[in-house]
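[1] coords below, sequence missing:
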């Protein structure tokens, strides 16, 4: 699996969304790596990792893969932050392996059935278009999808971003993997969300619907971005990195022994 690791200190795993790659967290990672060991993988089916030979894109398979990946890096405990699909995998990781997580950060995460699907996923579910999308995706479709999922005031969708996203999606097998993921019947585990025990920070853009993590996870903290869209780590990486750092630093401070003077 393709990944990057940078920095030193407590470990944090950054998980990207569908149709994206670890590059979506590049600027957030650069900021966090000043104080943390930051690990960014390309999920199977995305980026330079490429498709799975078994075409198994169930959330539970991703969870098992991420747990094994971190174990292979000899990182026993870590925090995890995920955007969109990455957030879905992150909270499922918190349910399946609570003993490994120091903290959980959910960024416009998916997982509730009420949440609206991005245009790209809806397109990939169209039975007439599925066979075509496996072999051909025009650049203008990538441009239109990116513009549809960022905030109305966002200016991040430029030629460089479109070229990056379109180029990675066009690598051998990635388009088919995206179609396979979009058409995988994912189990609805939203009823289990209140069982999450990891300290949780919810980062949500105001216009994103169908998210109830702050309501359902005990003692979860929530910060709402007023104008960003679905790609919050790319639209406002400083806001995201500062929110994560503040949250994790507060947790670390609470665990440090109090010094007393005799």
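    Good, I have the coordinates. Here the structure is a predicted model, which means the values were calculated and not measured.

[2] chain center to the biggest helix by length in the chain, what's the gap?
    Ranked by number of residues, the top helix in the chain under DSSP state H is helix 237-255. Centroid separation for helix 237-255 versus its chain: 17 Å, with Cα atoms, centre = their mean, to the nearest Å.

[3] so who does residue 114 touch?
    Applying Cβ atoms under 8 Å, 6 or more residues apart in numbering, we find residue 114 in contact with 209, 210. (C-beta placed from N, C-alpha, C; glycine too.)

[4] So it versus residue 138, what's the distance?
    31 Å (Cβ to Cβ, to the nearest Å).

[5] mind listing what's buried in the worst-scoring helix or strand of the chain on mean pLDDT?
    Lowest mean confidence among the helices and strands of the chain (mean pLDDT, DSSP states H and E): helix 119-124, at a mean of 85. Judged by neighbour count using 16 or more other Cβ atoms under 10 Å, the buried positions of helix 119-124 are 120, 121, 123, 124.

[6] try stretch 158-168
    161, 162, 164, 165, 166, 168.

[7] So what touches it?
    Contacts of stretch 158-168 (Cβ under 8 Å, 6+ apart): 19-21, 23, 46-48, 137, 139, 142-143, 146, 174, 234.

[8] And stretch 123-130, by the same measure?
    Here stretch 123-130 has contacts from 117, 133, 141, 145, 178, 179, 181, 182, 183, using Cβ under 8 Å, 6+ apart.

[9] so who does the second one touch?
    For residue 133, the residues meeting the contact criterion (Cβ under 8 Å, 6+ apart) are 123, 124, 175, 178, 179.

[10] One more: the first one?
    For residue 117, the contacting residues are residue 125, taking Cβ under 8 Å, 6+ apart as the criterion.

[11] do you know how far it is from residue 142?
    17 Å.

[12] before we move on, back to that, any chance of CSV for the buried residues of stretch 158-168, columns distance to residue 40 and pLDDT?
    Output for the buried residues of stretch 158-168, formatted as CSV (distance: Cβ to Cβ, whole Å; pLDDT from 0 to 100):
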residue, distance to residue 40, pLDDT
161, 17, 97
162, 21, 97
164, 15, 97
165, 16, 97
166, 20, 96
168, 14, 96
